[in-house]
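Participant: Return atomic coordinates for the entry below.
(2 chains)
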There are 2 protein chains.
Amino acid sequence: MTTLAAAILTHHEVTVFLLSLAVLLGLAKLLGEIARMLGQPSVVGEILAGVLLGQTVLGSLAPGAYAFLFPADTAVSSVPIGLETLVVLSAILLLLVAGLEVDLSSVARQGKAMLLVSSMGVVIPFGLGFGFAYLFPGLLGQASSELHLAFALFMGIALSITALPVIAKILIDLNLAKSDLGMLILSSAMVNDLLGWIGFAMVLAMMPVASGGDVAGASGGVSGGASGVWVTILITVGFVALMLTVVRWAAHRVLPYIQAHMSWPGGVLVFVMVLAILCSALTEWIGVHSIFGAFLAGVAIGDSRHLRENTRKTIHDFITHVFAPLFFASIGLRVNFIEAFDLQMVILVLVIAVTGKAIGCYLGAKWSGLTQRESWAVGFGMVARGAMEIILAQLALGAGLIDHRSFVAIVVMAILTSLIAGPAIEKLLKRKTQRTLADAINEKLFIADMKAHNAREAIGELAALASPVVGVPSKLITDAVWQRELAMRTGIGNGIAVPHARMPEIKKACLVVGRTERGIDFDASDGQAARIICMILTPQGDQTSQIEMLQIVARAFTQPRARADAFDANTYVEFRAALRVSQVDTDHTHQA
Amino acid sequence: MTTLAAAILTHHEVTVFLLSLAVLLGLAKLLGEIARMLGQPSVVGEILAGVLLGQTVLGSLAPGAYAFLFPADTAVSSVPIGLETLVVLSAILLLLVAGLEVDLSSVARQGKAMLLVSSMGVVIPFGLGFGFAYLFPGLLGQASSELHLAFALFMGIALSITALPVIAKILIDLNLAKSDLGMLILSSAMVNDLLGWIGFAMVLAMMPVASGGDVAGASGGVSGGASGVWVTILITVGFVALMLTVVRWAAHRVLPYIQAHMSWPGGVLVFVMVLAILCSALTEWIGVHSIFGAFLAGVAIGDSRHLRENTRKTIHDFITHVFAPLFFASIGLRVNFIEAFDLQMVILVLVIAVTGKAIGCYLGAKWSGLTQRESWAVGFGMVARGAMEIILAQLALGAGLIDHRSFVAIVVMAILTSLIAGPAIEKLLKRKTQRTLADAINEKLFIADMKAHNAREAIGELAALASPVVGVPSKLITDAVWQRELAMRTGIGNGIAVPHARMPEIKKACLVVGRTERGIDFDASDGQAARIICMILTPQGDQTSQIEMLQIVARAFTQPRARADAFDANTYVEFRAALRVSQVDTDHTHQA
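Facilitator: As a prediction, this is how the structure comes out:
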């Protein structure tokens, strides 16, 4: 009778836990969205939310509120344990999604490149980190001179590990996760991290002190003593091999049965999650950290074509939108960035981390035949650190390997490199996000309920709206568009019309959108009257932008649901929402 | 630096937590699915999973394994706190989904019926429970004679509270949640529970002992002393009014902005969840239990037509399939059902609970003008107890109101009434689940890759397969179907053909399905060659079953994706999976 809920969490703990969860998740999502709007990866905003709510800002400005929301002492309150549980789960689910995104056939295809990038991406930063730490331990914050070798090894490893979840998120944000380059970066990071974690387990196994209570983090249940390291390595390698062969094969066989006989999509959803959590438990037990198990489970299952796009999407939506912000906010929450900040050490760690990783991976990519630009993209992609580094640094701090300043330097480095990676790849690959109708429309150039009764009037009504914006008389526009309309009618079917004209007076492409309840005949081949009229005005000499605009409009209304929602939209905001929803779906279908 | 993850959860705790979570979730889902296949609500299987893994079975048969998986002492291990956190969250999210399903306009429409059912559903069982407990406290397991009045009040309340989440799940399983009858049951249960919880808060407020540590569960942060009860009631009523007016109005206004400007569906998803968690924190603080806040948040948001079906579906899928099994399994996990089992008390509690509730709600429904049969359906629908009762019983146990036997009796009653409710409604309403093609097909009567080159050969090939099963010579079948085919070709378009015949030799409707890569011309109006051929054989005199079968086939292939998946299916299992997936989607669209 002692295992009852009332005895486990008190009324006050439940209240505080729910409040802190809501605040953390809400702010993380809000700042993540703002970061995204500003063209930054949402990770940045999410970590910032944690910094604002953590010791650094809230803890300094309103220590009472901070202590109430995020009590630190687990002996007094269960709230930190509850939050930490969710963070552990979030990390696991995040890696599961990252794993599901991995396309093994693509990894195999670039086998050589992957091996070169991941090995060079480890060797160079490890060498730099180990060398510096061995020669100048004070500069990098050695905590105890007795553990000199272990400290140097740790710094080498800490600087050579890549943050798989951060990179996965950045690549997903840039819509690169399924590209060959994205796959090269992801799979290299995977191999790279595996090596790093095994190395770290070795370092902890080397230390006599490391067997104490809360430090046991990375020294697994299997390892212990000198031979333990080898046991850990062997078991890990065996586990990876098993997951990528037997489990992968079995998952592919089992999935159709689950889909045929169990409730859908619940059956598959839970199967995928349970397998991921089981594998996490196993890798945590082995001593290679729980999240690797989840990642491998994702890889094993994600490769099966039986995993339906719809199930993938449900898993993906829930995890990347709910658990990812929670996880990244928790990172910002953990440290006081001002108190233990040592500028010199931060810069040193940052320079070693960035140059070592970027150059190492660049060389690996270059040698495997990628172009100069792609090689640098790989190099800077791999530069991103994050969760891994921070977990590692935390374990090292607990083990007495590094001091507080060094800890903060590694965390700051992890955050800054996460910031660098996205924009660097974006710039190097000159990747421009595809423009959509939702981006092209403008509240000033939108009529929710047109008055026109026929095509001629409709064009006139839209021209009148465009006139002040483009600085061309309304009549001139009407005439030009109507001339073009007479030459060939512009109803493209499904209730959409795209009257357009190129005019010498127009300096920049301009789109005016009108919605009409009654429907106006634009002589579409399917006979449907137009209910949405997108008038496109482009400069005389510019064929490209007219074609581009026409494509954007056509693409936006491909989906029946987008059309239905847009037809029903009574306001600009609703219209835009209709387009955005359809846009997401289209992207997704496109990826499949 | 003390708030680091390594210090919060040890390596061993993470391992155990993940393992127990995976085992619990996996077994709950598995048994839930088996229950569903046997025609029981999946809740039953999910609770059973907890019973098997809890003290009752695993704890008795393998105490070592039980103690390892589910350590009880929070001072020694953080695992129970971690699991409890997830259970609290699961309950909140479950009620959020239940709230999202509520259609306020439908509640308002049956205002009188709802008030009659909910008030009678409280008055009668409360009277019975209070009376019995007051007159025969020993029979119902009074723990202390000093608290005689409080004990009697508690038993009255415990027997009059309905389990909203259980009922919601049962109604969703029966596809009744959106029907007027389902709405009547759900909304009555909601009002009913609100009254019950407020009553329970009053009972706890009455008790001088109730202010101690872990008992503080229901005596809120606001209430304290005699006037506290009234404060709690006032705040609760104010909160409900606020949620159903201002928050509901605001949510409807804010949703389109979120959909227009934030990432989709993540923005809405997180908004909905954060609002639900915030409201939960608020109600927990008020003292009316966290899950009410979530439910009200669901009601306030769910009413907005701006909440897209797709977002609803993502939330719904993830929560009902992942968090619901976890929550219900945790119920079974909590008690040893054998040790503290008192048959006499169980029967007494059960009889009072069932008759009081069923008769009370029956009378309420009858008086408000429902038919005899519908009134009993409402009565037995409201009979379901579950989570609520158990949480309540737990709090009462902690407060020293009831003893262990009484606790187990209430829990057993809660589970048994959950079992009764579903089948009772099913039987009373003669509700038959619609037959689908996935149910009608048979592995023995399926050809994954037909050899036939034309319609005549195809019919012959399918007839040969059917012949041994129906016990009619192949040639006879072929001739009958071919005659019918010549009279009017049976290609129904979209690559589907339905050759069929009624024959005196056939005793029972029979469906034979063939899939062909090459496509066979059945003269469909859209000119598409048939790639799936469903041959339907029915008894001569039975027009109905032929029509039904034709409808089932047509309905199964309405969706383009179902067709595409079915065309690609290489095996029976894949074919069946394709049909099931489409079936779920159709149901969902239909509900919208």
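Participant: any idea where the strands of chain A begin and end?
Facilitator: A:446-447, A:491-493, A:496-497, A:500-503, A:510-520, A:530-539 (DSSP state E).
Participant: Show me what counts as buried in the last one.
Facilitator: Right, strand A:530-539. A:530, A:531, A:532, A:533, A:534, A:535, A:536, A:537, A:538, A:539 (16 or more other CB atoms under 10 Å in any protein chain shown). For the C-beta atoms, the positions are set from N, CA and C on the backbone; glycine is no exception.
Participant: what sits against the fourth one?
Facilitator: When you say that, I think you mean residue A:533. Going by CB atoms under 8 Å, 6 or more residues apart in numbering or on different chains, residue A:533 touches A:450, A:458, A:462, A:496-499, A:513-516, A:520, A:522.
Participant: pLDDT wise, what is it at?
Facilitator: Looking at residue A:533, its pLDDT stands at 93.
Participant: Any idea what it is bridged to?
Facilitator: residue A:497, residue A:514 (DSSP bridges).
Participant: ok, and for stretch A:232-240, which residues are buried?
Facilitator: A:232, A:233, A:235, A:236, A:239, A:240.
Participant: Now, these that are in helices?
Facilitator: A:232, A:233, A:235, A:236, A:239, A:240 (DSSP state H).
Participant: sorry, back to before: among the buried residues of strand A:530-539, give me the pair with the biggest separation.
Facilitator: Maximum pairwise distance among the buried residues of strand A:530-539 (CB to CB): 28.7 Å, between A:531 and A:539.
Participant: can you map out the helices along the stretch 201-350 of chain A?
Facilitator: A:226-242, A:248-261, A:266-286, A:290-302, A:309-318, A:324-333, A:343-367 (DSSP state H, counting those that start in this stretch).
Participant: So for residue A:18, which of those sits nearest?
Facilitator: Here helix A:324-333 is closest among these (CB to CB), at 13.5 Å.
Participant: ok so, going back, which one, of the helices of the stretch 201-350 of chain A, ends up nearest to residue A:134?
Facilitator: Closest to residue A:134 of the helices of the stretch 201-350 of chain A, according to CB to CB: helix A:343-367, at 12.7 Å.
Participant: Could you tell me the least trusted of the strands of chain A?
Facilitator: Lowest mean pLDDT within these: strand A:491-493, a mean of 84.
Participant: So the nearest residue to residue A:129 once chain neighbours are set aside versus residue A:187, what's the distance?
Facilitator: Nearest non-adjacent residue to residue A:129, counting by CB to CB, 6 or more residues apart in numbering or on different chains: residue A:159, 3.5 Å away. Look at residue A:159 and residue A:187: by CB to CB, to the nearest Å, they are 21 Å apart.
Participant: who's more crowded, those two?
Facilitator: Counted by other CB atoms under 10 Å in any protein chain shown, residue A:159 and residue A:187 do not tie: residue A:159 has more neighbours, with 29 against 24.
Participant: Give me the pLDDT value at that one.
Facilitator: Residue A:159 carries a pLDDT score of 85 in this model.
Participant: Contacts only, for it.
Facilitator: So residue A:159 contacts A:125, A:126, A:128, A:129, A:349, A:352, A:353, A:356, A:357 (CB under 8 Å, 6+ apart).
Participant: That one and chain B, how far apart?
Facilitator: For residue A:159, the distance to chain B equals 20 Å [CB to the nearest CB, to the nearest Å].
Participant: Residue A:514 contacts residue A:462, correct?
Facilitator: Yes: under the contact definition of CB atoms under 8 Å, residue A:514 touches residue A:462, with a separation of 5.3 Å.
Participant: give me the low-pLDDT residue ranges for the stretch 351-500 of chain A?
Facilitator: A:386-388, A:391, A:394-395, A:398, A:430-435 (pLDDT under 70).
Participant: Helices along that one, start to end?
Facilitator: A:372-382, A:387-398, A:404-428, A:437-440, A:455-470, A:474-487.
Participant: elements contacting the first one?
Facilitator: For helix A:372-382, the helices and strands in contact under the criterion 3 or more CB pairs under 8 Å, 6 or more residues apart in numbering or on different chains; DSSP states H and E are helix A:111-135, helix A:164-173, helix A:180-206, helix A:343-367, helix A:404-428.
Participant: Quick check: which of those is buried the most?
Facilitator: helix A:164-173 (a mean of 26; mean count of other CB atoms under 10 Å in any protein chain shown).
Participant: Columns distance to residue B:371 on top of the contacts of residue A:533, output as TSV?
Facilitator: Shown next, in TSV, are those (distance: CB to CB, whole Å):
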residue	distance to residue B:371
A:450	51
A:458	55
A:462	58
A:496	50
A:497	53
A:498	57
A:499	59
A:513	53
A:514	52
A:515	47
A:516	48
A:520	51
A:522	54
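Participant: okay, the residues you listed in CSV with neighbour count next?
Facilitator: CSV is the format used below for the contacts of residue A:533 (neighbours: other CB atoms under 10 Å in any protein chain shown):
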residue, neighbour count
A:450, 21
A:458, 26
A:462, 28
A:496, 23
A:497, 30
A:498, 19
A:499, 25
A:513, 25
A:514, 25
A:515, 22
A:516, 23
A:520, 22
A:522, 24
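Participant: from those, which is closest to residue A:31?
Facilitator: Nearest member of these to residue A:31, counting by CB to CB, is residue A:513, at 31.5 Å.
Participant: roughly how far apart are that closest one and residue A:464?
Facilitator: Distance from residue A:513 to residue A:464, by CB to CB: 14 Å.
Participant: what sits against the residue of the stretch 301-450 of chain A found nearest chain B?
Facilitator: At 2.9 Å from chain B, residue A:321 is the closest residue in the stretch 301-450 of chain A, using CB to the nearest CB. Counting by CB under 8 Å, 6+ apart, residue A:321 touches A:29, B:263, B:265, B:266, B:267, B:269, B:270.
Participant: Now the fourth one: closest residue in space that isn't a chain neighbour?
Facilitator: Using CB to CB, 6+ apart and skipping residues adjacent in sequence, the residue nearest residue B:266 is residue A:321, 2.9 Å away.
Participant: Could you list the residues in contact with stretch A:484-500?
Facilitator: A:455, A:458-459, A:462, A:481, A:501, A:519-526, A:528-538, A:546, A:549-550, A:553-554, A:557, A:563, A:567.
Participant: can you count the residues close to residue A:467?
Facilitator: Residues near residue A:467, counting by other CB under 10 Å, number 17.
Participant: ok, now the one 5 residues further on?
Facilitator: Neighbour count for residue A:472, taken as other CB under 10 Å: 20.
Participant: May I have the residues that are in contact with the residue nearest to it when sequence neighbours are not counted?
Facilitator: Closest residue to residue A:472 apart from its sequence neighbours, by CB to CB, 6+ apart: residue A:505 at 4.4 Å. Counting by CB under 8 Å, 6+ apart, residue A:505 touches A:470, A:471, A:472, A:476.
Participant: same question, residue A:277
Facilitator: A:92, A:294, B:18, B:21, B:22, B:25 are the contacts of residue A:277 under CB under 8 Å, 6+ apart.
Participant: what's the answer for residue A:90, then?
Facilitator: Applying CB under 8 Å, 6+ apart, the residues near residue A:90 are A:323, A:324, A:326, A:327, A:330.
Participant: thought the last one was touching residue A:88?
Facilitator: No: with contacts counted by CB under 8 Å, residue A:330 stays clear of residue A:88, the gap being 9.8 Å.
Participant: okay, those two: which has more neighbours?
Facilitator: Taking other CB under 10 Å, residue A:330 and residue A:88 do not tie; residue A:330 has more neighbours (28 against 24).
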